[in-house]
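[1] below is the structure, and that's it, no one-letter string:
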């Protein structure tokens, strides 16, 4: 405004001088009028410029100005400006709050994406995502290994070329066409020349568009569950048959005793002996099942002390002599050993040796032999018990499963009946309770050798409940 005041002063001075000159009165009055108009216009412009400066400052920092300060702005304009400032402040706070919320959601999305991919890649179930063009847009490593294909981000494989199983392709397309949110189906197909069973779950994920949507397929391998279920069913059938046979004998001979069909003391003694033997057989079977259950559940208590394994084996051989003689089989005892002490539970080891001898006698034809051996390796600090027979032998492909629960060799079922628990009980006693090792070798038509190893006794053997 300084230049405007100087210019006005010069114009006013020129107008004053013009009044002193003769003949210039009207011109001087005009000059004075112009000066007055200029001063008024300058005052208006000055106030406008001050108002604009204040407005700019208020816009830059509304909180720096308050009602108490002198303001060059008109009151209505000042009120409107204050309301506008309050509205802008509230809107700014809302935008900042929304930005914070969106930033948090973005961080969560990034975290979920960062975690989701490794999680899907780490699970053992096969996971597939197929889009509406029948392209596999995602497959975790388990799915790629199971179905035998690889996915690439730039060129996803088609469902037709990547998945060879027609039933799996049909279920995926059915889920998409029917827009089914949850479809469960059991699929069976060959994987690496092995028949496997899968529980497949298909889910439709709807997207924008009339036909838009992806299908997620999750394949869970339940082959082992089916095998266990089948083994349980077979076990129940075998146990029912095994329990029914001695119970039928006991019931039959008991009825004959009640009906007085045995006329002399010898017949009565024979009937009672049969009943007793069948009851003992029934008791052994129940004991085997209970012992395996106790060992697996950790409820059995093991009373370990230093015992002579040779004495335990000798007692087991004497106990099984009558059973071997019934089948006309020769049973040989091991020679005595100077030091054969082991820290064991006597009853448990005796049960394991009896099971091995009984198994050998059971699968050896009449006229054969069963030899029990005992060796001590002091260098390794271990002793070995073996039971060798001249029986029918075991096929090589069956050896790896002999100690499994409920497993029996189908080719040898005609020789003897059983539940398939004896060898599993031996394995539980030796390996789980005593830290030993079971083993087997066999030649078809020549015989088999079953045995186990145990560590020799060390000083300070104490009872250790399991």
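    Right, received. Where do you want to start? For clarity, every value in this text was computed on a predicted model and none was experimentally measured.
[2] where does the prediction get shaky in the stretch 1-150 of the chain?
    The stretch 1-150 of the chain contains residues with pLDDT under 70 at 1-44, 46-78, 80-81, 112-116.
[3] at 90 what do you get?
    The model of the stretch 1-150 of the chain has pLDDT under 90 over residues 1-93, 96-126, 128-150.
[4] same question for the stretch 251-400 of the chain.
    By pLDDT under 90, the low-scoring segments of the stretch 251-400 of the chain are 251-310, 313-348, 351, 355, 358-369, 375-382, 390-400.
[5] and the strand ranked longest in the chain, how far out from the chain's middle?
    In the chain, taking DSSP state E as the definition, the longest strand is strand 194-206. Centroid separation between strand 194-206 and its chain, computed with CA atoms, centre = their mean, to the nearest Å, is 17 Å.
[6] what does stretch 315-328 give?
    Offset of stretch 315-328 from its chain centre (CA atoms, centre = their mean): 49 Å.
[7] quick one: contacts of that stretch?
    Residues outside stretch 315-328 that contact it (CB atoms under 8 Å, 6 or more residues apart in numbering) are 330-331, 333, 350, 353-354, 357-358, 361, 364, 366-367, 370, 372. (C-beta placed from N, C-alpha, C; glycine too.)
[8] could I get the full set of helices for the protein?
    Counting by DSSP state H, the chain has helices at residues 2-20, 25-60, 75-122, 141-147, 159-162, 166-177, 223-258, 265-297, 309-326, 346-362, 422-427, 434.
[9] right, so of those, which gets closest to residue 445?
    helix 346-362 (15.6 Å; CB to CB).
[10] buried stuff in that closest one?
    Burial within helix 346-362, assessed by neighbour count using 16 or more other CB atoms under 10 Å, is assigned to 346, 348-362.
[11] what's the answer for stretch 84-102, then?
    Buried residues in stretch 84-102 (16+ other CB under 10 Å): residue 85.
[12] quick one on the thing from earlier: hmm, who's touching the longest strand of the chain?
    Under CB under 8 Å, 6+ apart, the answer for strand 194-206 is 126, 168, 171-172, 175-176, 178-190, 212-223, 226.
[13] returning to what we had before: for the contacts of stretch 315-328, which one is nearest residue 278?
    Using CB to CB, residue 358 is the member of the contacts of stretch 315-328 that sits closest to residue 278, with 15.7 Å.
[14] leaving out the residues flanking it, which one is nearest to that closest one?
    Nearest non-adjacent residue to residue 358, counting by CB to CB, 6 or more residues apart in numbering: residue 320, 6.4 Å away.
[15] which residues does residue 335 contact?
    By CB under 8 Å, 6+ apart, the contact set of residue 335 is residue 374.
[16] quick one: the contacts of stretch 315-328 as CSV, columns for distance to residue 257 too.
    Below are those laid out as CSV (distance: CB to CB, whole Å):
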residue, distance to residue 257
330, 35
331, 33
333, 37
350, 33
353, 35
354, 30
357, 32
358, 28
361, 30
364, 34
366, 31
367, 35
370, 35
372, 38
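[17] and those residues, which two are the farthest apart?
    350 and 367 (27.7 Å).
[18] what does the closest residue to residue 173 other than its chain neighbours show for phi and psi?
    Leaving aside its chain neighbours, residue 173 sits nearest to residue 134 (7.6 Å; criterion: CB to CB, 6+ apart). Backbone torsions of residue 134, given as degrees, to the nearest 10, read phi 60, psi 40.
[19] correct me, but residue 134 touches residue 159?
    Yes. Taking contacts as CB atoms under 8 Å, residue 134 lies within contact range of residue 159: 4.3 Å.
[20] quick check: domain ranges of this protein?
    In the domain annotation for the chain, the residue ranges read 119-221, 229-295, 301-455 (automatic domain parsing).
[21] now the first one, how far from the chain's geometric center?
    Centroid separation between domain 119-221 and its chain, computed with CA atoms, centre = their mean, is 20 Å.
[22] going forward, the N-terminal residue is numbered 42.
    Done: numbering now begins at 42, and the last item shifts to domain 160-262.
[23] for that domain, measure first residue to last.
    In domain 160-262, first residue to last residue: 18 Å (CA to CA, to the nearest Å).
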